[in-house]
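Undergrad: heads up, no residue letters with this:
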């Protein structure tokens, strides 16, 4: 407890006046708060790519399930009757460039950002630059049935 109190006094006395002291404490805090090694299956891992992969898989397993539910025959027949074959086909078709552009224009521009950190405003404002890339991403996602790992 005594060392903690001394460090607080030192900070109050020298913290704002001494930039070298301030920067050194910031560096120490940054080093202390950084995760540079994780034990995975009992083995220490320090490689950034291995850590990223582990965190990705852990999160994916944490928020997904392998439990399959079976439907009662009455439920199954009810669900099948809800969509016609044309409607089912339409849901599986790759959307056109214009459809994607209409959806992007209809988004609220300043709502929460997506996984890439950009708000809808960015895509609306720079559609002439990023539109083709967005279309290619959406098309690939529909054809492959999953999102690219670089985006998720």
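TA: Happy to help now that I have it. Because the structure is a prediction, the values reported are computed rather than measured.
Undergrad: Give me the domain ranges for the protein.
TA: Following automatic domain parsing, the chain resolves into domains at 1-34, 36-66, 84-144.
Undergrad: Need phi/psi at residue 36.
TA: Phi and psi for residue 36, reported as degrees, to the nearest 10, are phi -110, psi -10.
Undergrad: since we're on it, how many residues are nearby?
TA: 8 (other Cβ atoms under 10 Å). In this view, the C-beta of every residue, glycine as well, is placed from N, C-alpha and C.
Undergrad: contacting residues for it?
TA: Going by Cβ atoms under 8 Å, 6 or more residues apart in numbering, residue 36 touches residue 46.
Undergrad: Would you point to the one among the domains of the chain that's packed deepest?
TA: Of all the domains of the chain, domain 84-144 carries the top mean neighbour count, a mean of 12, counting by mean count of other Cβ atoms under 10 Å.
Undergrad: what's downstream of whichever helix or strand residue 28 is part of, the next helix or strand?
TA: Residue 28 is located in helix 19-33, with elements delineated by DSSP states H and E. Counting by DSSP H and E, the next helix or strand C-terminal to helix 19-33 is strand 38-40.
Undergrad: how about the strands in the protein?
TA: Here the chain has its strands, by DSSP state E, at 38-40, 43-45.
Undergrad: In JSON lines, list the ones you listed along with mean pLDDT and distance to residue 144.
TA: Putting those into JSON lines (pLDDT from 0 to 100; distance: least, Cβ to Cβ, whole Å) gives the following:
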{"stretch": "strand 38-40", "mean pLDDT": "86", "distance to residue 144": "28"}
{"stretch": "strand 43-45", "mean pLDDT": "89", "distance to residue 144": "29"}
